[in-house]
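Engineer: could you work out the structure for the sequence below:
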Amino acid sequence: MTHSKQSRTKLIYALIAAAVLIVLLVWMQGGFKDKVEPGVSESVANGKAEERAPTVKVVRKAVEKIFAWPGTAAARTVAQIAPKIPGRILEIAVRAGDRVKKDQVLARLDERETRSRLGQARAALAAAEAQAGHARADARRIQNLYDKEAATRQALDAALAAARTAEAQVREARDAIREAESSQTETVLRAPFDGIIVERRLEPGDMALPGSPILVLQESQRLRIESAIPAECAGLVEIGDELKVRIANPERELDAVADEIQPAADPRTRTVLVKARLPEDSGVQPGAFGWLYQACGQDEVLLLPVSAVSRVGQLESVRLVVDDKVRLRHVRTGKRHDGQIEILSGLDEGDTVLLPEAGR
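Structural biologist: Okay, here's the model as predicted:
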């Protein structure tokens, strides 16, 4: 019997605790306060909204559609550093990422072969000059004999032709020397302009061939952004137009000027390559990703002042005036236009929205 009474006592205490908890929850939810119509701000439910703060109406306007076309920063001038003569690479003085000055030595080739060719050319010149001297002496001797009627005209013509041939061989030998001397200077590769090394394709010990680049050099101070724009929008861009550019990393906005437009569209993508010049010394690295902004066409949008939209975390809302009462209305916004913002959903044209009070 005593056990039964204890069980009932515990049950009563549990019911009392549950009842107290329910009452507490109802009180925390405002269950004992006067009710205000759902969606209406309690502070203005009993008064006129227009008397408490200024209002503004949602308007529909035509605005330019701004598109962000992806692009890549590239140097206006790119040089493929390659030798004019074949040779084994002895030294490469720079690496990718190094900044270089004009005429700075970038690489050296083995010059033993060019020195050998130069020596051969000089020896050939000496031989040609000796042969030419002998031919000139023969021509003078035959001429004297011919004047004394001791030699035939045929012999004189042959001697003069041999002298002219020897002189031509001398000139050819001298040209070979100049070519060999020029080839010897080609064993040292220098930077044609100030820039940055972006690629190193060969290493010391490799065989360098004419037309095969050892290094790739880009002009680092004069860059532009290159972007493929749909043909219908690219037709609105003209040389000299000012365009906005946003670079991704580090994020920044720059002013650019269109300075080259591809004359024909790509038949596969229907796009036109547009190149816009970036400011000098912009600090942008070649190859950086960015966006080229361009106005293309117009669109009808709903607009509100930016200050009329409140944000709490990821939620955006406005205070909508309905029947002289203020209701909280969640909205979704879009792009900004000179102090106004697009309303994508949540409001209709002509809706009245409460603006924040001055000083708040």
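
Engineer: need phi/psi at residue 124.
Structural biologist: phi -60, psi -40 (degrees, to the nearest 10).

Engineer: and it, what does it touch?
Structural biologist: 173, 176 (Cβ atoms under 8 Å, 6 or more residues apart in numbering). (Each C-beta comes from the backbone N, C-alpha and C, glycine too.)

Engineer: now it: how far from residue 66?
Structural biologist: Applying Cβ to Cβ, to the nearest Å, the value for residue 124 to residue 66 is 71 Å.

Engineer: check whether the most centrally placed residue in the chain sits in a helix, strand or coil.
Structural biologist: Nearest to the geometric centre of the chain sits residue 73, at 1.5 Å (Cα atoms, centre = their mean). Assigned state for residue 73: strand (three-state reduction, DSSP: H, G, I helix; E, B strand; the rest coil).

Engineer: please name the bridge partners of it.
Structural biologist: residue 225 (DSSP bridges).

Engineer: pretty sure it is touching residue 292, no?
Structural biologist: No - counting by Cβ atoms under 8 Å, residue 73 does not reach residue 292; the two are 10.6 Å apart.

Engineer: mind listing what the residue nearest to the centre of the chain touches?
Structural biologist: Contacts of residue 73 by Cβ under 8 Å, 6+ apart are 223-226, 247, 278, 284-290.

Engineer: could you dump the residues you listed to JSON lines with neighbour count and pLDDT?
Structural biologist: Below are these laid out as JSON lines (neighbours: other Cβ atoms under 10 Å; pLDDT from 0 to 100):
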{"residue": "223", "neighbour count": "26", "pLDDT": "89"}
{"residue": "224", "neighbour count": "23", "pLDDT": "92"}
{"residue": "225", "neighbour count": "27", "pLDDT": "93"}
{"residue": "226", "neighbour count": "17", "pLDDT": "94"}
{"residue": "247", "neighbour count": "21", "pLDDT": "92"}
{"residue": "278", "neighbour count": "23", "pLDDT": "92"}
{"residue": "284", "neighbour count": "21", "pLDDT": "84"}
{"residue": "285", "neighbour count": "15", "pLDDT": "81"}
{"residue": "286", "neighbour count": "16", "pLDDT": "81"}
{"residue": "287", "neighbour count": "12", "pLDDT": "84"}
{"residue": "288", "neighbour count": "18", "pLDDT": "89"}
{"residue": "289", "neighbour count": "13", "pLDDT": "93"}
{"residue": "290", "neighbour count": "26", "pLDDT": "94"}
